[in-house]
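Asks: mind folding the following:
(one chain, ligands or ions: 1)
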Amino acid sequence: MRIDIITVLPELLESPLSHSIMKRARDKGLLEVQVHHLRKWAVNDYGQVDDYQYGGGAGMVMMPEPLANAIESLSQHTRYDEVIYMTPDGETFNQGTANQLSMKENLLIICGHYKGIDQRIRDHFVTKEISIGDYVLSGGELAAAVVVDAVGRLLPGVLNDETSALFDSFQDNLLAPPVYTRPADFRGWKVPDILLSGDLKKIEEWRYEQAVQRTTERKPDLLKD
Ligand code: 6GU
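Replies: Predicted structure coming up:
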């Protein structure tokens, strides 16, 4: 999969996408992420990409021209399955969206800043608008990193048996059960006996019960679907 990201703050995206599982995905050639600085398509030598909003009011708006030029220029080399705009008024991101996006070939992600981007870009270029939750971030970059991570780890070959996505929380609409490692007794706090029993069938049943109980207590909405 290839993901291109347009941003005015490329530095914010570098670290989150260069370590751990994202690093492995990229090193293995399973995920190609290219971050593009919007200033490259600025309207003048000052690097201007934003301007005051029509109608007045505080806060700058990202201009249509640099964004349109960036999108069209990148689209000459790549046919995008989705042009995604990261915005708090988009549809809320969840595991289902991550699963769907992981089946695409090429994604273009636009990170907004300031008051957002000119509406005409949303009307004429953007095919999907994503929010990562009901709170406001200073820009779309951290949200884009969240989306790329959630999608990238689902690509075939990125995870191995040990990190398999099959047993993730949410993947079967259940939260993951509690997990324990050594020692079996830490400060008198004991690991549940069943996990030490070696009875794989019983352990599987216990984990499933725990997952259902956790989901019922913490995210009952998941059980409705
Ligand atoms: Cl995608 N962008 C911004 N700026 N804030 C957010 C968000 C996105 N999702 C939640 N809050």
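
Asks: please count neighbours and contacts with C-alpha atoms only from this point.
Replies: Noted.

Asks: how about the residues of this protein near the ligand?
Replies: For the chain, the residues in contact with the ligand (C-alpha under 6 Å from any ligand atom) are 86-88, 130-140, 143.

Asks: where's the residue sitting nearest the centre point of the chain, which helix or strand?
Replies: Against the mean C-alpha coordinate of the chain, by C-alpha atoms, centre = their mean, the closest residue is residue 147 at 1.0 Å. Per DSSP states H and E, residue 147 falls inside helix 141-152.

Asks: state the next helix or strand along the chain beyond that helix.
Replies: strand 185-186.

Asks: give me the contact list for the helix or strand just after that next one.
Replies: Remark: after strand 185-186, the chain's next helix or strand is strand 189-190, criterion DSSP H and E. When contacts are defined by C-alpha atoms under 8 Å, 6 or more residues apart in numbering, strand 189-190 is touched by residues residue 184.

Asks: I'd like the mean pLDDT over the helix or strand following strand 189-190, please.
Replies: Remark: after strand 189-190, the chain's next helix or strand is helix 193-196, criterion DSSP H and E. Across helix 193-196, the average pLDDT comes to 98.

Asks: quick one: list the elements packing against helix 193-196.
Replies: Where contact means 3 or more C-alpha pairs under 8 Å, 6 or more residues apart in numbering; DSSP states H and E, helix 193-196 is packed against helix 200-218.

Asks: enumerate every residue touching residue 106.
Replies: Residue 106 sits in contact with 1-4, 78-82, where contact means C-alpha under 8 Å, 6+ apart.

Asks: can you put those in TSV and add distance to residue 117, secondary structure and pLDDT?
Replies: Shown next, in TSV, are the contacts of residue 106 (distance: C-alpha to C-alpha, whole Å; DSSP: H, G, I helix; E, B strand; the rest coil; pLDDT from 0 to 100):
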residue	distance to residue 117	secondary structure	pLDDT
1	26	coil	98
2	24	strand	98
3	20	strand	98
4	18	strand	98
78	22	coil	98
79	22	coil	98
80	20	coil	98
81	21	coil	98
82	17	strand	98
